[in-house]
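>>> next comes the sequence, and after it the predicted model I'd like to discuss.
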Amino acid sequence: MESTYRQYGTWKRTIRSSSIIRLQGVVRGWSVRRNVKLHEDVTSKLQDMEVDSTPHRPESNTDEKENDTPPLNSKALFEKKRTLKNSLKNFDVNFQKKYGRMPVKSEKEPIRHLYEEYNRCKEEIERVGGKVESKVSTMEQLKLEKAQLHQKLRAFEKDFVEKQGRQVSSFNDIKPVAGLYRRYKELKKALK
């Protein structure tokens, strides 16, 4: 009896799996046929709206493209990002004026290259910003470390004066905290 249930379960999973694969194929075929028609419709709409729907990028792999273009400074990146964002917004506004609704994703397919370029600019800005932030963060950490060392060294000198009755005057006096003094000097020099 138990083996019959197991075999039944196996058949059931096989039938479901087979059905799912066939169903996915039907949906993909329908989707492709639908997208071809939508692409043709959107392209004609874009031509009516006089929006350039041709990609502004060479048909090569992205690594070569990135190596061919000179790196932009942060100001140029922000300007390029702003220009692309305005172009994308203008497309949406013009589409809404003409058709009374916002475009759906498939209707934006002809301007995908603008979205891709916009996202590349955003990533580059974040990468550059991350480097700047990490430098600022590192500087802040160094300043904090220097301040903490300064407090420890002043506390040591104060204790030394109370115990010895004189100021620190030789290397032998600072031997217990010589490493801290050395690090403090390094930090002071680095932060100038």
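Everything's here; your move.
>>> tell me the secondary structure for the residue nearest to the spatial centre of the chain?
Central residue of the chain (Cα atoms, centre = their mean): Glu123, 4.6 Å from the mean position. Assigned by DSSP: H, G, I helix; E, B strand; the rest coil, the conformation of Glu123 is helix.
>>> read off the pLDDT value for it.
Listed pLDDT for Glu123 reads 88.
>>> cool, and the one 5 residues further on?
The predicted local confidence for Val128 comes out at a pLDDT of 78.
>>> that one reaches Ala76, doesn't it?
No: if you go by Cβ atoms under 8 Å, Val128 and Ala76 don't touch, sitting 11.0 Å apart. Every C-beta, even on glycine, is put in place using the N, C-alpha and C of the backbone.
>>> now the residue nearest to the centre of the chain: how far from Leu191?
According to Cβ to Cβ, to the nearest Å, Glu123 stands 32 Å off from Leu191.
>>> before we move on, what about Lys175?
Counting by Cβ to Cβ - Lys175 and Leu191 are separated by 26 Å.
>>> output the contacting helices and strands for the strand or helix carrying Arg154.
Per DSSP states H and E: Arg154 is located in helix 112-164. Applying 3 or more Cβ pairs under 8 Å, 6 or more residues apart in numbering; DSSP states H and E, we find helix 112-164 packed against helix 74-99, helix 171-174, helix 178-190.
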